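Engineer: sequence unknown, structure follows:
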């Protein structure tokens, strides 16, 4: 069965489940189908921290796994989302130690959190994308993906409204200082908002 490569397209609050997040994966070739997966807040935080290149004051569980794997010279070569049963995605890590290849079953959210740390590719199969993927039609967006993008846009706008005005009045050095303080307090929600302001400044 041919594998289809995926990449992380976005991560947003879920409109359907309180305290959950929508992780959106997309095909790397063609980029027409999206695979939305609902994940928990802890796993979403673990993914977001690595994507934003933030360093927590103490290692998170996935960072601990990475450090332990490095210590024993274990490499995660790839992540495969291999099955979908009653709305639940199943994934596995394809890891290697020396010449030995080991497959480890895992929750999909944990698999993605580890994939971004090991910088390894993410794959799935056609039957999963055919069943749960959202298709981008040629020349226009399907209704489902339009709704998804509208929700993400609304959430991003709400997040911007929540950023205190004082952030906008601070210098880059001041923002970097309070960013580090937020990370040390393990307040990653505040850290994400500060990082958003810093990125906005750097983009200008």
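Structural biologist: The structure has been received and is ready for your questions. The model shown is predicted, which means the values in this text are computed figures rather than measured ones.

Engineer: pLDDT below threshold where in the protein?
Structural biologist: Residue ranges of the chain with pLDDT under 70: 14-18, 31, 136-165, 186, 189.

Engineer: strands of that one, residue ranges please.
Structural biologist: 3-13, 20-27, 33-40, 74-85, 88-97, 100-107, 122-125, 134-135 (DSSP state E).

Engineer: who are the packing partners of the first one?
Structural biologist: With contacts defined as 3 or more C-beta pairs under 8 Å, 6 or more residues apart in numbering; DSSP states H and E, the packing partners of strand 3-13 are strand 20-27, helix 41-51, strand 122-125, helix 143-162. All C-beta atoms are positioned from the backbone trio N, CA, C, and that covers glycine.

Engineer: ok so, going back, any chance of JSON lines for the strands of the chain, columns mean neighbour count and distance to residue 46?
Structural biologist: Output for the strands of the chain, formatted as JSON lines (neighbours: other C-beta atoms under 10 Å; distance: least, C-beta to C-beta, whole Å):
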{"stretch": "strand 3-13", "mean neighbour count": "17", "distance to residue 46": "11"}
{"stretch": "strand 20-27", "mean neighbour count": "21", "distance to residue 46": "11"}
{"stretch": "strand 33-40", "mean neighbour count": "20", "distance to residue 46": "10"}
{"stretch": "strand 74-85", "mean neighbour count": "18", "distance to residue 46": "14"}
{"stretch": "strand 88-97", "mean neighbour count": "18", "distance to residue 46": "15"}
{"stretch": "strand 100-107", "mean neighbour count": "12", "distance to residue 46": "12"}
{"stretch": "strand 122-125", "mean neighbour count": "21", "distance to residue 46": "15"}
{"stretch": "strand 134-135", "mean neighbour count": "17", "distance to residue 46": "24"}
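
Engineer: now these as TSV including distance to residue 181?
Structural biologist: As requested, the strands of the chain are exported to TSV (distance: least, C-beta to C-beta, whole Å):
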stretch	distance to residue 181
strand 3-13	24
strand 20-27	25
strand 33-40	26
strand 74-85	32
strand 88-97	35
strand 100-107	32
strand 122-125	33
strand 134-135	39
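
Engineer: closest to residue 49 out of those?
Structural biologist: With C-beta to C-beta as the criterion, residue 49 lies closest to strand 3-13 of these, at 11.0 Å.

Engineer: so how far is the first residue of stretch 118-134 from its last?
Structural biologist: Chord length of stretch 118-134, first to last residue, is 27 Å (C-alpha to C-alpha, to the nearest Å).

Engineer: what does it rub up against?
Structural biologist: 1-8, 25, 27, 33-36, 66, 69, 75-84, 89, 111-112, 115, 142, 144-145, 148 (C-beta atoms under 8 Å, 6 or more residues apart in numbering).

Engineer: which residues touch residue 185?
Structural biologist: residue 57 are the contacts of residue 185 under C-beta under 8 Å, 6+ apart.

Engineer: what distance do you get for it to residue 45?
Structural biologist: For residue 185, the distance to residue 45 equals 14 Å [C-beta to C-beta, to the nearest Å].

Engineer: next one: residue 59
Structural biologist: 13 Å.
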